[in-house]
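Colleague: I'll drop the sequence and a predicted model, then ask my questions.
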Amino acid sequence: MADPTNAQPVPLLEPRDGVPDVITTPDALSRYAERLAGANGPVAVDAERASGFRYGQRAYLVQLRRDGAGTALVDPVAFSELTPLAEALNGTEWVLHAASQDLPGLAEIGLQPARVFDTELAGLLLGRDRVGLGAMVASELGLSLAKEHSAADWSTRPLPQAWLRYAALDVEVLVALRDVLEAELRTAGKWTWAEQEFEAIRLAPPPPPRVDPWRRTSGISRLREARRLAIARELWYARDTLAQERDISPGRVLPDRAILAAADAAPRAIDALGRLPEFSGRGTRARLGYWWRAVETALALPESELPPRRPPGNDGPPNPRSWAPRFPEAAERLRAVRARMRALALEVGTPQENLLSPDLQRRLAWEPPAQSDAAGVGGALQAGGARPWQVELVSQPLAIAITDPGSVPDDTPAADS
């Protein structure tokens, strides 16, 4: 860790080798891939997306740095495939920050790691309060890393030089940060934890499709009638289709507030829809007929095809807020489970959600295993996806919590996980 007496981190303003040209040709890609394959050590990897501007999470710039190969800025849009790069990376350890954000987009362009080191997750395991890349570079290396272009539209072409400098700096110190964090994890006895967590991130499957994704529309909870929910649903799917076709972020095609306004008003004619202020913009009015067809579809649905007010249930337990009056024994087990996890988190210096996911905590309290000793609890946690280090650490305390919750004091109140 950086010297705590050094109050002001040193600004990191320029990459040590300068800002490289963006790789956009097969020859340039092959030359860098050859240098990359011939170098040693971990590879710092980052990807820039255009969230909020484009549809999906596609990578629009890939940054790499390896000792002996230097830094590369690769434009994946310029290539139909990145085979030379994938081959050069084969068998290497990738160092990423918040790996779960970048790995899916990198996999889409054919880049998948053999090993991963996630500097954000390492910071969480070490109990750091601030785990953003800028904060960790400052606390661990004593350097100040600007983050002013993190939310930029990286689909822009050509990319401004200031953005490219920012992108190159993002991988400039990742390997040095990795080495400091590994040493701290080993000293804290958490290196095995980290190895298992990194591998879990690397092997994580894509998330399953959301059930009723339209229910995530901001403010939709205020809609009480099924017909109005149907209007919101049809507009959401119409927007999503158009956004995907145009490769534009859905919120830029039609804001959530417009969907909610139309659902609230439930207009009976296209003119009434057009009079809503949220549909008065030039782009929105140009497609007023398109939006009206979605509303019209919802208005014509028979009662049997209207969406239920509440989302369909999942395979998990009900919301814990309902447990106390209806399921008091489960509520007491959950209180004890959370209390034991909070105490354990304080003891080992790692957030409790990293010691065991809140979902597994709820499931264990809701439906304890038939064999409720440490072995039975461990088996249930392992079946639920807990890593071996987690099973070893929490099984015994949680076995006590679910078999004798009254013996577990309620130390400090905590919000529902």
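Modeller: Right, received. Where do you want to start?
Colleague: and the spatially most central residue of the chain, what is it in contact with?
Modeller: To find the centre residue of the chain, average its C-alpha atoms and take the closest one (C-alpha atoms, centre = their mean): that gives Q101, at 5.0 Å. When the contact criterion is C-beta atoms under 8 Å, 6 or more residues apart in numbering, Q101 has no partners at all. Yep, even glycine has a C-beta here, placed from its N, CA and C like the rest.
Colleague: what separates it from D46, distance-wise?
Modeller: From Q101 over to D46 the distance is 10 Å, taken as C-beta to C-beta, to the nearest Å.
Colleague: again with A374
Modeller: In this structure, A374 and D46 are separated by 41 Å, where distance is defined by C-beta to C-beta.
Colleague: again with R282
Modeller: For R282, the distance to D46 equals 37 Å [C-beta to C-beta].
Colleague: With neighbour numbers in mind, choose between the two.
Modeller: Set side by side, R282 and D46 show more neighbours around D46, with 24 against 6, by other C-beta atoms under 10 Å.
Colleague: show me where the stretch 101-250 of the chain has helices.
Modeller: Defined through DSSP state H, counting those that start in this stretch, the helices belonging to the stretch 101-250 of the chain, from first to last, are 119-125, 133-141, 161-170, 174-187, 191-203, 226-246, 250-253.
Colleague: Ok, the stretch 301-417 of the chain next?
Modeller: For the stretch 301-417 of the chain, the helices defined by DSSP H, counting those that start in this stretch occupy 323-326, 328-348, 352-355, 358-366, 374-383, 388-403.
Colleague: Let me know whether V171 touches A47 as I believe.
Modeller: No: contact criterion C-beta atoms under 8 Å: V171 and A47 do not qualify, at 10.3 Å.
Colleague: list the residues that contact both of those two?
Modeller: Residues touching both V171 and A47 (C-beta under 8 Å, 6+ apart): Q63.
Colleague: residues touching the nearest residue to A204 once chain neighbours are set aside, list them.
Modeller: Of all residues not flanking A204 in the chain, S100 sits nearest, at 6.9 Å (C-beta to C-beta, 6 or more residues apart in numbering). Listed by C-beta under 8 Å, 6+ apart, the contact partners of S100 are D118, I201, A204.
Colleague: And for W236?
Modeller: Going by C-beta under 8 Å, 6+ apart, W236 touches P213, W214, T217, I259.
Colleague: Swap in 10 Å and give it another go.
Modeller: Applying C-beta atoms under 10 Å, 6 or more residues apart in numbering, we find W236 in contact with 212-217, 220, 250, 254, 256, 259, 263, 294.
Colleague: which pair in the residues you listed spans the largest distance?
Modeller: The largest separation in the contacts of W236, counting by C-beta to C-beta, is between D212 and L254 at 18.2 Å.
Colleague: Please say which of the two ends up with more neighbours.
Modeller: With other C-beta under 10 Å as the criterion, D212 and L254 differ in neighbour count, and L254 comes out ahead with 26 against 13.
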